[in-house]
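Chemist: need a structure here:
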Amino acid sequence: MFGKTRWLFFVRLVDQSKRPGTDHLAFDKPHVTDKRKEVYALTEKGLDLIPILLELANWSAQHDPQTGAPPEWIAMVNEDKETMIRRIRETVQRGGSIFVGPDSVVSTLGVENE
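Modeler: Numbering: from 1, shown residues only. Modelled structure (predicted):
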């Protein structure tokens, strides 16, 4: 769920959700200052997947010794899932990130992200 693999998954998710007859999980729109770029965002339906994705990340952290998930992050999620889901949802709705950038959820919580 981290780095380039996560990005490619999201782009594929957007592409698949554009197929005729599907409800969209995500959408793209032009970047505010650079119209050559696209910004990807989750719809309400896509945001509703956050609890499932957190469970998947937790499962991966338990079964993959080389996971990229910081142990401190996994512990925080497991300690108070509802609060973390709310924080992630609010951050993503504002256009923020979970793991990357100064305003990411991980940064605001003071978690080291390698």
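Chemist: From now on I want contacts and neighbour counts done on CA atoms only, so please keep to that.
Modeler: Will do.
Chemist: Quick one: low-confidence residue ranges for this protein.
Modeler: 1-23, 112-114 (pLDDT under 70).
Chemist: Start from the N-terminal end of it and give the strands.
Modeler: 26-30, 38-42 (DSSP state E).
Chemist: can I get these in TSV with mean neighbour count and distance to Ile52?
Modeler: Conversion of the strands of the chain to TSV gives the following (neighbours: other Cα atoms under 10 Å; distance: least, Cα to Cα, whole Å):
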stretch	mean neighbour count	distance to Ile52
strand 26-30	15	16
strand 38-42	16	14
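Chemist: Export those as a markdown table, with columns for distance to Thr108.
Modeler: Shown next, in a markdown table, are these (distance: least, Cα to Cα, whole Å):
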| stretch | distance to Thr108 |
| --- | --- |
| strand 26-30 | 25 |
| strand 38-42 | 20 |
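Chemist: Bridge partners for the closest residue to Gly95 other than its chain neighbours, pull those for me.
Modeler: Leaving aside its chain neighbours, Gly95 sits nearest to Ala41 (7.2 Å; criterion: Cα to Cα, 6 or more residues apart in numbering). Here Ala41 sits in beta bridges with Phe27, as judged by DSSP bridges.
Chemist: Surely Ala41 and His31 touch.
Modeler: No: counting by Cα atoms under 8 Å, Ala41 sits too far from His31 to count as a contact (11.4 Å).
Chemist: any idea how far Gly46 lies from Asp28?
Modeler: 13 Å (Cα to Cα, to the nearest Å).
Chemist: Might one say that Ala26 is in contact with Ala41?
Modeler: Yes: using Cα under 8 Å, Ala26 is in contact with Ala41, at 5.5 Å.
Chemist: mind listing what the residue nearest to Gly95 touches?
Modeler: 26-28, 92-93, 95 (Cα atoms under 8 Å, 6 or more residues apart in numbering).
Chemist: Contacts only, for the residue nearest the centre of the chain.
Modeler: For the chain, Ile98 is the residue whose C-alpha lies nearest the centre (Cα atoms, centre = their mean; 5.6 Å). Contacts for Ile98 (Cα under 8 Å, 6+ apart) come out as 88, 91-92, 104-106.
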